[in-house]
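Visitor: Sequence plus predicted model, see below.
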2 protein chains.
Amino acid sequence: MLTDVVIGMSDGLTVPFALAAGLSGVISSTNLIIVAGLAEIAAGSIAMGLGGYLAGKTEIDHYNSELRREYDEVETVPHKEKEEVKEFFAHLGLSEEVQQQAMEEMTRDKEKWVDFMMRYELGLDKPDPSRARKSAFNIGISYIVGGIIPLSPYFFVQEGISGLKISAVITLICLFIFGYFKSKLTGVHPWGGALRVMLIGAAAAGCAFGVAKLIES
Amino acid sequence: MLTDVVIGMSDGLTVPFALAAGLSGVISSTNLIIVAGLAEIAAGSIAMGLGGYLAGKTEIDHYNSELRREYDEVETVPHKEKEEVKEFFAHLGLSEEVQQQAMEEMTRDKEKWVDFMMRYELGLDKPDPSRARKSAFNIGISYIVGGIIPLSPYFFVQEGISGLKISAVITLICLFIFGYFKSKLTGVHPWGGALRVMLIGAAAAGCAFGVAKLIES
């Protein structure tokens, strides 16, 4: 769940912020910036949320089709599958004798055997069926929450550029705090990680601003 | 590499398309739609590209810090680490005798031992150091290529709504073709997958259009 929130929030904070920043450079009406920002949040949250759902669904479909194939192969070509189990232990660097014994024990129970093949031959863990739905929801909501933050200042000012100044301060602080906790979770040096996340946001906004200015001139 | 292109392209096709669709409902100037669209592409490609880079870097840092910790533990608490190796084989369902033999063989060579712990206790594969850079580049470029497609019709028409009609046709066809190949790669039913990817794009655009209309009214 935390991964989903991290993905959704970091993109939600960054992209609507950068889009609004880009538009602030070329249009003064905050109304239009808000419309574009909210349209982006709607589009982004659906694309990412449904995208996450689809990815989860795909993972489940893929797992199930591979599972059927493995059960089939254990039935039709047991000799070949036994060889593959032995190869796994050989690859670990175990002696011929231990390879043989481990293979024999492993292939006695068909269910255990197939589970082993799924996990260690194919590297597939059994996916949680409700995970896809929850993941989609979490990513989508996190994108909306993240996106509202950089847009909020534009509701209270008249000029796009004034909105941008407040938005930049708020968003960069949020990205820094967010980057700090994200780095702690992933086991990276937290201050360095916080700085990196913040700089990505600043780079995206700067680039969007530059592109918008360039086209307008 | 294919994963990166798939990620970048699908978001690039979807989000700028949906944003432009949303704006088409409320502003007639295609010029402003193009500015917003290109600003979004700039922001999105940097956020996703650098985001991908950061994720890759984080993975490498995490791997290296865990590697150091494992070497340390093998040195300082070998008894405990040996127990963990044995537990792995026990968890596979092997007999006490084979567990013991496998553990003894595995822990003879320190490098092999640590590699084993990294891979099977922690589930970490050695990341490719140049992967992070390439991944960032591929995702960023794919996002730009994907994003240019739905925006291109707006360059040739005067009215936002006319641009939207052509953009919708082109983008939905692209999403369908793209979804077809993406599904083939991930082992999902290709026609169903193609339809799903296309519907996500349509949903994102519809929602952005609705949100923009709602705020304007």
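Guide: Great, that's in hand.

Visitor: For the residue of chain A most remote from its centre, give me its contacts.
Guide: What lies farthest from the middle of chain A is A:Glu97; by C-alpha atoms, centre = their mean that is 43.8 Å. Contact partners of A:Glu97, counting by C-beta atoms under 8 Å, 6 or more residues apart in numbering or on different chains, are B:Gln101. C-beta: built from backbone N, CA, C; applies to glycine.

Visitor: tell me the mean pLDDT for the strand or helix carrying it?
Guide: Element membership for A:Glu97, per DSSP states H and E: helix A:96-106. When pLDDT is averaged along helix A:96-106, the result is 89.

Visitor: Could you look up the next helix or strand downstream of that helix?
Guide: Tracing the chain C-terminally past helix A:96-106 and defining elements by DSSP H and E, one meets helix A:110-116 next.

Visitor: Mind naming the longest helix for chain A?
Guide: The helix of greatest length in chain A, counted in residues with DSSP state H as the criterion, is given as helix A:30-76.

Visitor: Does it reach chain B?
Guide: Yes - Helix A:30-76 lies within reach of chain B by C-beta under 8 Å from any C-beta of the partner chain, at A:32, A:34-36, A:38-44, A:46-48, A:50-51, A:54, A:58, A:61-62, A:65-66.

Visitor: Same question for stretch A:80-96.
Guide: Yes - contact of stretch A:80-96 with chain B is found when judged by C-beta under 8 Å from any C-beta, involving A:89, A:92-95.

Visitor: what sits up against that stretch?
Guide: Identification of contacts with stretch A:80-96 by C-beta under 8 Å, 6+ apart yields A:70, A:73-74, A:98-100, A:102-103, A:106-107, A:113, A:116-117, A:120-121, B:101-102, B:105-106, B:109, B:112, B:116.

Visitor: And these, which of them are buried?
Guide: The neighbour-count test (16 or more other C-beta atoms under 10 Å in any protein chain shown) marks A:70, A:74, A:98-99, A:102-103, A:106-107, A:113, A:116-117, A:120, B:101-102, B:105-106, B:116 as buried among these.

Visitor: For burial, what's the neighbour tally of A:Lys134?
Guide: A:Lys134 has 15 neighbours, counted by other C-beta atoms under 10 Å in any protein chain shown.

Visitor: burial of A:Glu159, as a residue count?
Guide: A:Glu159, neighbours per other C-beta under 10 Å, totals 13.

Visitor: Spatially nearest residue to it (excluding sequence neighbours)?
Guide: By the measure of C-beta to C-beta, 6 or more residues apart in numbering or on different chains, the closest residue to A:Glu159 outside its immediate chain neighbours is A:Ser28, 5.6 Å from it.

Visitor: what does A:Leu124 give?
Guide: Across the structure, with C-beta to C-beta, 6+ apart as the measure, the residue nearest A:Leu124 apart from its sequence neighbours is A:Met118 (5.1 Å).

Visitor: Contacts only, for the one you found.
Guide: Residues near A:Met118 by C-beta under 8 Å, 6+ apart: A:63, A:66-67, A:70, A:124, A:126.

Visitor: so which two of the residues you listed are the farthest from each other?
Guide: Set against one another by C-beta to C-beta, the contacts of A:Met118 have their most distant pair in A:Glu70 and A:Lys126, with a gap of 12.5 Å.

Visitor: Where does pLDDT dip in chain A?
Guide: Regions of chain A meeting the criterion pLDDT under 70 are absent.

Visitor: 80 instead, please
Guide: A:1-3, A:51-52, A:54-55, A:57-58, A:129, A:186-188, A:217 (pLDDT under 80).

Visitor: Now do the same contact list for A:Gly210.
Guide: B:Ala42.

Visitor: Could you tell me whether it really is in a helix?
Guide: Yes - read with DSSP: H, G, I helix; E, B strand; the rest coil, A:Gly210 is one of the residues of a helix.

Visitor: for the helix or strand where A:Ser167 lies, packing partners?
Guide: Element membership of A:Ser167 [criterion: DSSP H and E] is helix A:160-186. In terms of contacts (3 or more C-beta pairs under 8 Å, 6 or more residues apart in numbering or on different chains; DSSP states H and E), helix A:160-186 is packed against helix A:2-24, helix A:30-76, helix A:131-151, helix A:190-216, helix B:30-76.

Visitor: Need the winner for burial among those.
Guide: Ranked by average neighbour count under the criterion mean count of other C-beta atoms under 10 Å in any protein chain shown, these are headed by helix A:2-24 at a mean of 26.

Visitor: ok, A:Gly187 touching B:His62?
Guide: Yes - counting by C-beta atoms under 8 Å, A:Gly187 sits close enough to B:His62 to count as a contact (4.9 Å).

Visitor: so A:Cys207 makes contact with B:Ile46?
Guide: Yes - with contact defined as C-beta under 8 Å, A:Cys207 and B:Ile46 form a contacting pair (5.3 Å).

Visitor: Give me the common contacts of those two.
Guide: Both A:Cys207 and B:Ile46 are contacted by A:Ala18, under the criterion C-beta under 8 Å, 6+ apart.
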